[in-house]
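Engineer: sequence and predicted structure, then a few things I'm wondering about:
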Amino acid sequence: MFGRKREVDDPATTLARCIVLLDDIRAYRRKDIEQIEEQFSALKKSRFKEFYDMWVKARPSAEAIVDMPAKVPGVKRLISAISWMKVVNKLLLTAVVLFIALQIVPIWRRTLGYDFLSGTGLLVLIALILLTVVSLNVVTVIDYRIRKRIIAYEDSTTDQYAPAREKMRECVNKMMKSLAREAARSSKDENYYGLVLYFDDYSNIEVVDQWKPKSMGIFKKSYNHYQVVPKP
């Protein structure tokens, strides 16, 4: 729901969050299945408990989509590499900050000497900065390669994963119908039940806005975001 702070214990809010999670999966956005399980489990003791049983049946379809990257040739190795590179980057950034702090903090400057960052010390700092810049760019390149391979695999396996994605759409339609009834009964403003989704082909919704998200705030992506409100 947009434009407001979420209420953790509100069953309607939890239902809306579950809708968004399944819409994300349908759009091939990788989600933690256990996180989704936790959200649906919260519905078991609410008036929306039937949707937990629905999730149990739909979970294998969701797992098929979430696990897809592991099936792309070479991607598992690249994901492992990028994980290690991120650890290295954190260590390098910590070292750079420490070196700069040693020069800025007066007590450290007096202890180490005011010429600490000159000569060998300066060369070490420059080397660390250069190595950090290179390492950060390597992560960006690897991440780009991973995304390109996954996109190519998605395009070549559209039919294979179509049933799983259709299952996500069916689940969202059922939940959206209940959320629409909830919104109709409520005295709250319709924006209280608003959602931002990747698809606009669900039943019981009204699209109030749409836009193309931007990468780095500049480059428009190929897909839309839809701001919707549930309608009976």
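Structural biologist: Good, I have the coordinates.
Engineer: would you map out the domains in the protein?
Structural biologist: Domain assignment for the chain by automatic domain parsing gives 11-69+164-230, 72-156.
Engineer: okay, these, which one's buried deepest?
Structural biologist: Comparing the domains of the chain by mean neighbour count (mean count of other Cβ atoms under 10 Å), domain 11-69+164-230 ranks first with a mean of 16. (C-beta placed from N, C-alpha, C; glycine too.)
Engineer: distance between the top helix by length along the chain and the chain's centre?
Structural biologist: Longest helix in the chain by number of residues (criterion: DSSP state H): helix 120-156. On the basis of Cα atoms, centre = their mean, to the nearest Å, helix 120-156 sits 20 Å off its chain's mean C-alpha point.
Engineer: may I ask which helix or strand of this protein has the lowest mean pLDDT?
Structural biologist: For the chain, counting by mean pLDDT, DSSP states H and E, helix 106-112 ranks last in confidence among helices and strands (a mean of 57).
Engineer: residue ranges for the strands of this structure, please.
Structural biologist: Listed in chain order, the strands found in the chain under DSSP state E are 195-197, 205-211, 214-215, 219-220, 225-230.
Engineer: wait, which of those strands is closest to Ala16?
Structural biologist: Evaluated over those, closeness to Ala16 peaks at strand 195-197, with 5.9 Å, by Cβ to Cβ.
Engineer: go through the domains of the chain and find the least confident stretch.
Structural biologist: When the domains of the chain are compared by mean pLDDT, domain 72-156 comes last with a mean of 77.
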